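> following is a predicted model, sequence given first.
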Amino acid sequence: MSNLEKYIEAFTTTFDIKPEQTSGLKYQDIEAWDSVGHMGLVAAIEDAFEIMLDADDIVDLSSFEKGQEILKKYNVEM
Amino acid sequence: MQINDSTQLSVPDIMKYHRNRYPWFFVDAVSLENGTDHVLGKKCFSYNEFFTKAALDASVPNFIIGEALEQTFLMTFMKNNPGLLTNTVSSECFYKKSVNIGDVLEIKAELLSFRRGIAKGKAFGFVGKEQVCEAAFVITVPEIMNNFTPKN
Amino acid sequence: MAEYQTLTNLGPIEIQQYQQNRFPCFFIDLIEEAVPGKSARGYKNFTYNEWFFPAHFEDEPNVPGFVQIETMAQVFLMTFLTIPENKGKKAAAVTSKAQFKKKIVPGDKLEIKAELYSYSRGLARGKSVGYLNGEVTCSVELTVAIPDIMNSFIPKAD
């Protein structure tokens, strides 16, 4: 599975959405991406890429696209 | 199940950890098992409690039993976060047998994870040696969790 | 399941003819409609003048999760305790699986819709959902037993 596929899967499994719904998705755009859902997403991303995100990066991870930018710092290219 | 005297918390001690108060306070004693994520709790049910007039028989309402399990479970992570407010996200309960007024409910709670202000775990209730109920909880500590949520 | 007459606008006194919950553990103000064997909807007003608010919590009063569960469950009871042969019988929750989305505070009116998925031999399964201003606030999936009936189908020890 490519990094992009793993990243999309973190969103689709955490929020129970389709892959095509991930592009452009932002925090609180959908009911499932509330504060608790956010923690679930972070955990899913960390597990998928075997990384631990910094607190600042977790706060900044406010959209699908922002997350892709942040993960570059952790050597996860998509 | 024995409560270990050397690690036992009484009601005034417990009140330093979570914010529930009479008449929504359903744990009489807690034992913190050092070095583990387990906590033992005890709740004695007496006729001299407000909810007994709500029942037409001798059984304790199940929602109060569930809350007793939850308040013991709180101690598994509030011991490290004394006095902060908590918020229940989900609970899953199984009531196997009724608990009656006069019973002593002994509770074993286990913290499965506590990460960024979200606690997940389970609690099991026993009357004598018989397990009468169990529950799984997801509870947040907003003051911690909010440090990790995006700001608009 | 047989069809029964729909009941409407049941106040607390009438509701208590169907279920055994009583003050201070009675959490319905009105059942707007109960379709026996199918569904029920009603509401509960929450006021600071209730025993659990000062205790949960003094500086941020909100309805405890288990009171929310019990409120939704008591509306759910009206989906099957309104079946004539069940009227007034004791019911006890066997399992509950609840989710809480938003806090409920003094002054809120919680509207509840309950649906009975199945009822057979004293065991009821279904779901109850709570709404504030049209938004889902809490929900619970329930299995509730009428012990008097269910126990008559349990094998007896020799």
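Perfect, I can see it now. Predicted model only: the values in this text are computed from it and were never measured.
> neighbours of C:Glu60, how many?
A total of 12 residues lie near C:Glu60 under the criterion other C-beta atoms under 10 Å in any protein chain shown. The C-beta positions use only the backbone N, C-alpha and C, and glycine is treated the same way.
> how about the residues of chain C by chain A?
Residues of chain C that fall close to chain A, judged by C-beta under 8 Å from any C-beta of the partner chain: C:Lys101.
> give me that answer again for 10 Å
Proximity of chain C to chain A, by C-beta under 10 Å from any C-beta of the partner chain, involves residues C:100-102, C:135-136.
> most neighbours of all the residues you listed, which one?
For the residues of chain C next to chain A, the largest neighbour count, defined by other C-beta under 10 Å, is 24 neighbours, found at C:Phe100.
> circling back to that earlier point, out of the residues of chain C next to chain A, give me the two with the largest separation.
Farthest apart among the residues of chain C next to chain A by C-beta to C-beta are C:Phe100 and C:Glu135. That separation is 12.9 Å.
> quick check, the residue in chain A closest to chain B?
Nearest residue of chain A to chain B, counting by C-beta to the nearest C-beta: A:Ser62, 3.6 Å away.
> the residues of chain C next to chain A into JSON lines, with extra columns for pLDDT?
Converted to JSON lines, the residues of chain C next to chain A look like this (pLDDT from 0 to 100):
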{"residue": "C:Phe100", "pLDDT": "96"}
{"residue": "C:Lys101", "pLDDT": "94"}
{"residue": "C:Lys102", "pLDDT": "93"}
{"residue": "C:Glu135", "pLDDT": "94"}
{"residue": "C:Val136", "pLDDT": "96"}
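> inside helices: which ones of the residues you listed?
Using DSSP state H, no member of the residues of chain C next to chain A falls in helices.
> closest to C:Lys109 among those residues?
Nearest to C:Lys109 among these is C:Glu135, at 12.4 Å by C-beta to C-beta.
> report the contact partners of the closest residue to the closest one other than its chain neighbours.
Nearest residue to C:Glu135 in three dimensions, chain neighbours excluded: C:Lys102, at 7.3 Å (C-beta to C-beta, 6 or more residues apart in numbering or on different chains). By C-beta atoms under 10 Å, 6 or more residues apart in numbering or on different chains, the contact set of C:Lys102 is A:34, C:62, C:108, C:130, C:132, C:135-138.
> top of those by number of neighbours, please.
Neighbour counts for the contacts of C:Lys102 (other C-beta under 10 Å) peak at C:Gly130, which has 29 neighbours.
> for the longest helix seen in chain A, which positions count as buried?
Longest helix in chain A, counting residues (DSSP H): helix A:35-49. Across helix A:35-49, burial judged by 16 or more other C-beta atoms under 10 Å in any protein chain shown covers A:35-46, A:48-49.
> and B:Met75, which of the three is it?
helix (DSSP: H, G, I helix; E, B strand; the rest coil).
> now, which of the residues of chain C next to chain A sits nearest chain B?
Closest approach to chain B among these (C-beta to the nearest C-beta): C:Phe100, at 5.6 Å.
> if I pick that closest one, what's in contact with it?
A:36, B:87-91, B:138-139, C:63-65, C:68-69, C:130, C:137-140.
> once you drop chain neighbours, what's closest to it?
That would be C:Cys138: by C-beta to C-beta, 6+ apart, it lies 5.0 Å from C:Phe100.
> list the neighbouring strands of the host helix or strand of the one you found plus their orientation.
Using DSSP states H and E, C:Cys138 sits within strand C:135-145. Under the criterion DSSP bridges, strand C:135-145 sits next to strand C:92-100 (antiparallel), strand C:123-132 (antiparallel) in its sheet.
> you'd agree B:Phe126 is up against B:Ala109?
No - at 11.9 Å, B:Phe126 does not count as touching B:Ala109 under the criterion of C-beta atoms under 10 Å.
> coming back round to it: need the contacts of C:Lys102 in CSV with distance to C:Pro84, can you?
What follows is those, written out as CSV (distance: C-beta to C-beta, whole Å):
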residue, distance to C:Pro84
A:Asp34, 43
C:Asn62, 38
C:Asp108, 34
C:Gly130, 28
C:Leu132, 33
C:Glu135, 35
C:Val136, 32
C:Thr137, 33
C:Cys138, 30
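> what ranges does the chain have for its helices?
Just so you know, I chose chain A. Using DSSP H, helices in chain A cover A:3-15, A:35-49, A:55-60, A:64-72.
> not quite, go with chain C.
C:12-18, C:65-77, C:147-150.
> tally of neighbours for the residue nearest to C:Lys109 when sequence neighbours are not counted?
Spatial nearest neighbour of C:Lys109, excluding adjacent residues (C-beta to C-beta, 6+ apart): C:Asn45 at 5.2 Å. As a burial measure, C:Asn45 scores 12 neighbours (other C-beta under 10 Å).
> which ones are touching C:Asn45?
Contacts for C:Asn45 (C-beta under 10 Å, 6+ apart) come out as C:29-30, C:106-110.
> out of B:Phe126 and B:Ala109, which sits in the more crowded spot?
Applying other C-beta under 10 Å to B:Phe126 and B:Ala109 shows that B:Ala109 carries more neighbours, namely 26 against 16.
> next helix or strand past the helix or strand where the more buried one lies?
If you go by DSSP H and E, B:Ala109 is part of strand B:104-115. Using DSSP H and E, the helix or strand that follows strand B:104-115 in sequence is strand B:118-127.
> pull up the pairing partners for that next one, direction included.
With DSSP bridges as the test, strand B:118-127 pairs up with strand B:104-115 (antiparallel), strand B:130-140 (antiparallel).
> next SSE after the last one?
Secondary structure here is assigned by DSSP H and E; on that basis, the next helix or strand after strand B:130-140 toward the C-terminus is helix B:142-145.
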